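> missing the sequence, but the structure's below:
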């Protein structure tokens, strides 16, 4: 069993036999931005009205992400919507796959909301991979309010499953799949990932 980086919130059951994976040699170096996987992604894309998250590679197999809550992200008046916070954590945890260089999808995401997150505040998310066994990858994250040393507001645990690249073309809407194939950034992403890990 493992806890998120600061030890708050949910424990993560990583099964016996799971190994801590190593960072792929082609992964972004520590301190480098982790690129968006798709320009129209709600969380990390640059041409949507989404979350506009920034993600930076950390040491080892971890990333640090930032998300600023705006008026568009409200649930209760003046407070972040829990579903949008969960989406931010899903993106931060999904960005870990850049460090492993394997395409994967979220199979399970569990979040614990420990404190309210006001509009105008920035959540700093520290996410890391705990273990991998076959196609399954376990990870966890915690989000702190205002700075990397602020109070913990959300913790999350996730299970990702490695999929072949064809998963996205087979299940995505054809118009978007074709547009993504014409996007140089997406073609670079596809070339960088191993097709059959």
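Happy to help now that I have it. Bear in mind that the values here come from a model prediction, so they are computed numbers and not experimental data.
> Note down every partner strand of the helix or strand containing residue 106 and its orientation.
Assigned by DSSP states H and E, residue 106 belongs to strand 104-113. Counting by DSSP bridges, the strands paired with strand 104-113 are strand 152-162 (antiparallel).
> need the contact list for residue 138.
For residue 138, the contact set (CB atoms under 8 Å, 6 or more residues apart in numbering) comprises 12, 14, 18, 129-132, 157-159. For the C-beta atoms, the positions are set from N, CA and C on the backbone; glycine is no exception.
> Can you tell me how far residue 13 is from residue 19?
In this view, residue 13 and residue 19 are 15 Å apart by CB to CB, to the nearest Å.
> what about these two, which has more around it?
Of the pair residue 13 and residue 19, residue 13 is the one with more neighbours under other CB atoms under 10 Å, namely 12 against 9.
> Can you list the low-confidence ranges for this structure?
Across the chain, the ranges flagged by pLDDT under 70 are 1-11, 37-45, 47-49, 164-197.
> C-terminal to the longest helix along the chain, what's the next element?
Ranked by residue count and defined by DSSP state H, the top helix of the chain is helix 82-95. Counting by DSSP H and E, the next helix or strand C-terminal to helix 82-95 is helix 97-100.
> still on that earlier bit, quick one: the strand holding residue 106 to helix 82-95, angle?
Strand 104-113 and helix 82-95 are oriented at 140 degrees to each other (axes from the mean of the first three to the mean of the last three CA atoms, to 10 degrees).
> roughly how far out does strand 104-113 sit from the chain middle?
Centroid separation between strand 104-113 and its chain, computed with CA atoms, centre = their mean, to the nearest Å, is 10 Å.
> Now it: buried residues?
Of the residues in strand 104-113, 104, 109, 111, 113 count as buried by neighbour count, 16 or more other CB atoms under 10 Å.
> How about residues contacting that strand?
9-10, 82, 85-86, 89-90, 93-94, 97, 136-137, 153-163, 167.
> at 7 Å what do you get?
Outside of strand 104-113, the residues within contact range by CB atoms under 7 Å, 6 or more residues apart in numbering are 9-10, 82, 86, 89-90, 94, 97, 137, 154-163.
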